[in-house]
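Asker: I'd like to go over a predicted model; first the sequence, then the structure.
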Amino acid sequence: MNDNASRCVRSPRSWRRHIMLACLFLFPSLSSANTEGPYIYRVNGGEATITGFNLVYSGSLSIPDKLGGFPVTAIGFRAFELCSRLTAVTIPDSVTAIAREPFRDCASLATVTIPDSVTNINNYISLYCSSLTNINVSDGNPRYTDIGGVLFDKNCTKLIEYPGGLSGPYTIPTSVVVIGDSAFCGCTFLTAITIPDSVAVIGNSTFHGCTNLTTATISGNVAGIGDCVFLQCTSLTTATIPANVTNIGAWAFCSCASLTNITIPDNVTDIGQYAFYECTNFTTITIPAGVTNIGTWAFNSCTSLTNITVSGSNPKYADVDGVLFNKDRTTLLAYPGGLVGPYTIPDSVTAIGNSAFAGCVFLTAVTIPDSVTNIGKEAFHECKALTAVTIPDNVTNIGSRAFTGCNLLADVYFCGDAPSADIYLFYNTRNITVYRMQGKAGWPDVPAPWQDRPTALWVPSVPATNLNIGR
């Protein structure tokens, strides 16, 4: 997950912060920070920056313009975090800068008033402020303004932040050209969004965690869907990607569990990693001719997906019976997670790609042909119904964590020499026995472990190719 997304993930409320703040107020001599009343602050160059605040403070607050005789010019990173009883904050005219997430998790905060003097605001003023309905900017501020409590730049061409307590649908004004990174992040009461044709840029993580958002109407002039834009929008049922879009970012629609289908426009060339991961209601997806890059895990854990179709004119990718391959069908790239039962990999395949079968919880058995020489990392990650697998003698490399989380996997049969692999090959798959054939190189003496799993001799009574079945 990228940096913008990680900031929008709710972390556990840290007891360490509570203890730290309590110690600062009870034993101020233990820290280089200064305290005055409910405030913790630091002084640099004769100016004070607020870095913390008493968590038990209740009600509205007018921040003073001086602390310890020094002008207050900045509000620091998460300075008021977890002040759950704070209801309103007025920032003084002395402040020029507001750092990221100053009021994170201030659950009762309804209004923040920003004065003329503030010229630098980082993102996430209202992150997880579920009662905040009004970011009020002084009319005389030269850099910022608000419309209906929503924060914009002065010219209203960039939407910077939408208060987390506003509920219902929202239509972005037609003056807006850019929606800033994380502008709506964590706005759990937002139900629908209309993005006008004036908008050309949608930032990363814009609607991340808008769990009640059901509909997104996107401007036809948007050229790209950034990273994590609709990540964890679990109620999203309708989203149309405009024809002009050329890239769909990493994690863009990840965990949109209510989304049943989506059309990828012909102009798209790049689909990022995890772009549609855990879209559990997808049944089919079509890759157009222009797509030349598909990131790993792009369609994994889509447990209803049964068909990946690729345009016949695509120069890089192809499909066979709904399974995604490279163009010459030598690498299997993605197996749909909704397919049930056993699967036989075509003889044309020489490599199983990274995460190719990951999250395929209904896969019961897989037949790997002798043509395969490489199995990518996490290739069968969390194939929870897989019980046995046979590795052909031509396989020389198996990537890290290829069989992690395969709860029922008990028997792995190796036909050839020990392949290159690491100790994480069977991580979190506890009950495996590794069967190897007599006279093959690189194996420990039975029953000594290989990759942290016990070994046993295997003397097949029928050709190994007939044993490539789940048991």
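Answerer: That came in fine, so what should we check first? Residues are numbered from 1 along each chain as shown.
Asker: Need the pLDDT of A456.
Answerer: For A456, the pLDDT comes out at 97.
Asker: I'd say it and M437 touch.
Answerer: No - A456 lies out of contact with M437 (C-beta atoms under 8 Å); the separation is 10.8 Å. In this view, the C-beta of every residue, glycine as well, is placed from N, C-alpha and C.
Asker: Looking at those two, which is more packed in?
Answerer: Under the criterion of other C-beta atoms under 10 Å, the comparison of A456 against M437 puts M437 first, with 17 against 12.
Asker: Spatially nearest residue to the more buried one, not counting backbone neighbours?
Answerer: Once flanking residues are discounted, M437 sits nearest to W458: 5.5 Å by C-beta to C-beta, 6 or more residues apart in numbering.
Asker: Give the phi and psi angles for that neighbour, as a check.
Answerer: Note on W458: its backbone torsions stand at phi -120, psi 120 [degrees, to the nearest 10].
Asker: Let me see the contact set for it.
Answerer: 413-414, 435-437 (C-beta atoms under 8 Å, 6 or more residues apart in numbering).
Asker: Which of the helices or strands spans S205?
Answerer: Taking DSSP states H and E as the definition, one finds S205 inside no helix or strand.
Asker: I'd assumed Q232 was in contact with it.
Answerer: No - contact criterion C-beta under 8 Å: S205 and Q232 do not qualify, at 10.1 Å.
Asker: And these two? Which one has more around it.
Answerer: A direct count of neighbours by other C-beta under 10 Å for S205 and Q232 places S205 higher, at 32 against 22.
Asker: how far away is that one from L86?
Answerer: Going from S205 to L86 by C-beta to C-beta, to the nearest Å gives 25 Å.
Asker: My reading is that F152 lies in a strand. Confirm?
Answerer: Yes - per DSSP: H, G, I helix; E, B strand; the rest coil, F152 lies within a strand segment.
Asker: my guess is it meets I172, correct?
Answerer: No - using C-beta under 8 Å, F152 makes no contact with I172, being 10.0 Å away.
Asker: Give me the three-state assignment for A192.
Answerer: Judged by three-state DSSP, the three-state class of A192 is strand.
Asker: Identify the bridge partners of it.
Answerer: P169, T215 (DSSP bridges).
Asker: Could you check the pLDDT of it?
Answerer: For A192, the pLDDT comes out at 97.
Asker: Looks like it contacts F184 (just checking).
Answerer: No - A192 sits out of contact with F184 when judged by C-beta under 8 Å, with a separation of 11.6 Å.
Asker: got the residue ranges for the strands in the stretch 51-200 of the chain?
Answerer: Using DSSP state E, counting those that start in this stretch, the strands of the stretch 51-200 of the chain run over residues 59-62, 66-67, 70-75, 86-90, 97-98, 111-114, 120-121, 134-137, 144-147, 150-153, 158-161, 168-171, 178-179, 190-194.
Asker: How about the stretch 351-471 of the chain?
Answerer: 351-352, 363-367, 374-375, 388-391, 397-398, 411-414, 433-436, 455-457.
Asker: Mind checking the ones you listed for the one nearest to I135?
Answerer: strand 363-367 (49.3 Å; C-beta to C-beta).
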